[in-house]
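Colleague: got a sequence here, can you model it:
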Amino acid sequence: MRDGGHTRGGFGGHAAPGGGDGGRPDRDRTTEFERGMPPPHQAWTGSEWVHDPLVIDDQALIVNVRDRGLVVLTGCGHSGAVNIVRHAQRLTGVDRLHGLLGGFHLGGPAFEPIIPPTVQALTEFAPSLVVPGHCTGWRAQHALAAALPDAWVQGSSGTTYRLSAASAN
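Modeller: Okay, the predicted model is just below:
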């Protein structure tokens, strides 16, 4: 990291300062609407198949861009984009969201009912950049583009995003 940046654990199995795992985003669900996978999703316990709504696999990269706010890069976002952003805010103590990039896991009939509350919550964060990825789904892409027309960008492989800190005075 340049210019005084530092790394801090908290996602996946990485330790956070002071011990613990920082509250993994895949276990840290605070919204009423991002509740996990539907009942057909199952996990093998060693003796039987059981409903597995949590999908404990989320990873995210959080960068605090000086005087701009957090940039959060998600994977598939099984915990939900809003849960992940809220988790990043709690981990860093930074409320402002500058950018959200990655998978929001809103594609398909099981997740389409949560598109409106997700879009509403993301709109309230007022990000400058929103780049929904592979598993966001076309209906959510359209809803995000309509709600955040100045922030929404169609993501594609190989695209480079340069997010700079505010100019120092």
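
Colleague: shaky segments in this structure?
Modeller: Screening the chain residue by residue with the criterion pLDDT under 70, one finds the ranges 1-27, 169.

Colleague: and the helices in it?
Modeller: Counting by DSSP state H, the chain forms helices over residues 81-92, 115-125, 138-147, given from the N-terminal end onward.

Colleague: tell me, how many residues neighbour Gly133?
Modeller: Taking other C-beta atoms under 10 Å as the neighbour definition, Gly133 ends up with a count of 19. Placement of C-beta: from N, CA and C, glycine included.

Colleague: hmm, I typed the wrong one, I wanted Ser157.
Modeller: Other residues near Ser157 come to 6 when the count uses other C-beta under 10 Å.

Colleague: now it: phi and psi?
Modeller: Backbone dihedrals for Ser157, given as degrees, to the nearest 10, come out at phi -60, psi 140.

Colleague: now do the contacts for it.
Modeller: Contacts for Ser157 (C-beta atoms under 8 Å, 6 or more residues apart in numbering) come out as none.

Colleague: now it: how far from Ala126?
Modeller: Ser157 sits 27 Å away from Ala126, taking C-beta to C-beta, to the nearest Å as the criterion.

Colleague: distance of the closest residue to Trp49 other than its chain neighbours relative to Ser164?
Modeller: Across the structure, with C-beta to C-beta, 6 or more residues apart in numbering as the measure, the residue nearest Trp49 apart from its sequence neighbours is Gln42 (4.4 Å). Relative to Ser164, Gln42 is positioned 45 Å away (criterion: C-beta to C-beta).

Colleague: which one's more surrounded, the two?
Modeller: Looking at Gln42 and Ser164 with other C-beta under 10 Å, you find the greater number of neighbours at Gln42, namely 13 against 9.

Colleague: quickly list what that one is bridged to.
Modeller: Per DSSP bridges, residues listed as beta-bridge partners of Gln42: His51.

Colleague: what ranges do the strands span in this structure?
Modeller: For the chain, strands defined by DSSP state E occupy the ranges 42-44, 49-51, 60-65, 69-74, 97-102, 129-132.

Colleague: how many degrees apart are the fifth one and strand 69-74 in direction?
Modeller: Direction vectors for strand 97-102 and strand 69-74, defined by axes from the mean of the first three to the mean of the last three C-alpha atoms, to 10 degrees, enclose an angle of 10 degrees.
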